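In: starting from these lines, generate the structure:
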Amino acid sequence: MAQISLNAKRLQDIFEAETTLNQVLDSVLHRYATDEDVISSVLVDGQNVGDGESSPFWERKLSEFGEIDISFQNKIDLAFDALAACPDYIDTIILRINKLTGHYNKNEIDQANSCFAQVVESLDLFVQLLANVHHTLRTKYNKRLSSNKTFHQLEIHLLAIMKALLPAKEKNDLIMLCDLLEYELVDNLTQWKINAIPELKNAKLD
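Out: Sure, this is the predicted structure:
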C-alpha cells in the first residue's frame with residue numbers, strides 16, 4: 001500500500017487500502033492544513049499530478065500506488081511565487097503577439113488564426129492569474145494595495161483591448177488588429193512588467 005508524505009515528511013497516519021486518493025487529500029487537508037494553506041503539488045509514484053487529471057484518477061485506491069507525496073504551501077507565499085514567474089510569462093505572450101502580427105503582415109491567415117487563439121488563451125490565463133493573486137494578497141495587505149491604482153487601471157485597459165480584438169478579427173480588419181496587438185497590447189503588458197507587478201511584490205515590504 002502507498003506510503004504517504006507531507007512536504008517530504010512521511011506521515012504516520014494509517015489509511016485503509018480501499019481509501020481513495022481524493023479521500024486521502026481531504027483527510028490530510030483537514031488534519032494538517034491551516035486556513036492559509038493550499039495543496040501546491042501531488043506526486044504519485046514520482047509523477048506530478050494535478051487538476052488536469054480526470055475524476056476517475058482521484059477515485060483510485062491507495063492499494064494501486066507506491067508513494068504519494070503531498071505538498072502544502074501558504075497562499076501568500078504561493079501568490080508571490082506566481083508574481084515572480086509573471087515577467088517570463090509576459091515575455092512569452094509578447095513573443096506570441098510578435099509571431100501573430102508577423103503572420104498578419106504576410107497575409108498568412110491560417111497560421112494567424114491558430115496563433116490568435118493561443119494569444120487569447122494566454123491573455124485569459126494571465127488575467128485570471130493576476131486577479132487571483134491580487135485577491136489573495138488583499139487578504140493580508142489590503143491597506144497597502146487599496147491605495148495602488150496601477151493594477152486596476154492596467155486591468156481595465158487590458159480587458160478593453162481584449163474586448164476590442166474579437167470584433168476586429170470578425171470584421172477582418174487587419175489594420176485595427178495589428179494596431180491593437182503591436183501597440184496597445186504590448187504596451188499594456190510591458191506596463192504590467194515594469195510597474196504593476198513590482199508594486200504588488202513590494203506589498204510585503206515594511
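In: helices and strands of the protein: which one has the lowest mean pLDDT?
Out: When each helix and strand of the chain is scored by mean pLDDT, DSSP states H and E, helix 55-58 comes last, with a mean of 82.
In: just confirm Gln191 contacts Leu154, I think it does.
Out: Yes. Using Cβ atoms under 8 Å, Gln191 is in contact with Leu154, at 5.7 Å. In short, each C-beta sits where N, CA and C put it, glycine included.
In: ok, Ile76 touching His135?
Out: No. The pair Ile76 / His135 is not scored as a contact, 11.6 Å apart, by Cβ under 8 Å.
In: which one's more surrounded, those two?
Out: More crowded of Ile76 and His135, by other Cβ atoms under 10 Å: Ile76, with 17 against 11.
In: contacting residues for that one?
Out: Glu36, Thr136, Leu137, Thr139, Lys140, Lys204 (Cβ atoms under 8 Å, 6 or more residues apart in numbering).
In: so it is in which element?
Out: Ile76 belongs to helix 75-105 when assigned by DSSP states H and E.
In: what is in contact with Ile76 and His135 at once?
Out: With Cβ under 8 Å, 6+ apart as the test, Ile76 and His135 reach no residue in common.
In: distance between the helix holding Ile76 and the chain's centre?
Out: 11 Å (Cα atoms, centre = their mean, to the nearest Å).
In: and that helix, what's its mean pLDDT?
Out: The pLDDT scores in helix 75-105 average 95.
In: buried ones in that helix?
Out: Applying a neighbour-count criterion of 16 or more other Cβ atoms under 10 Å, the buried positions in helix 75-105 are 75-76, 78-80, 82-83, 86, 89-90, 93-94, 96-97, 100-101, 103-104.
In: which stretches of the protein form helices?
Out: In the chain, the helices defined using DSSP state H lie at 21-32, 55-58, 75-105, 109-146, 150-170, 174-179, 186-191, 197-201.
In: Gln47 is nearest to which of the ones you listed?
Out: Gln47 sits nearest to helix 55-58 of all the helices of the chain, at 11.0 Å, using Cβ to Cβ.
In: buried ones in stretch 151-168?
Out: For stretch 151-168, burial by neighbour count (16+ other Cβ under 10 Å) applies to Phe151, Leu154, Glu155, Leu158, Ile161, Met162, Ala164, Leu165, Ala168.
In: make TSV from the residues you listed and add pLDDT and distance to Gly66 to it.
Out: What follows is these, written out as TSV (pLDDT from 0 to 100; distance: Cβ to Cβ, whole Å):
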residue	pLDDT	distance to Gly66
Phe151	92	45
Leu154	96	47
Glu155	95	45
Leu158	97	45
Ile161	97	49
Met162	96	45
Ala164	96	52
Leu165	95	48
Ala168	94	53
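In: need these in CSV with distance to Ser27, can you?
Out: CSV is the format used below for the buried residues of stretch 151-168 (distance: Cβ to Cβ, whole Å):
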residue, distance to Ser27
Phe151, 38
Leu154, 42
Glu155, 38
Leu158, 41
Ile161, 45
Met162, 41
Ala164, 48
Leu165, 46
Ala168, 51
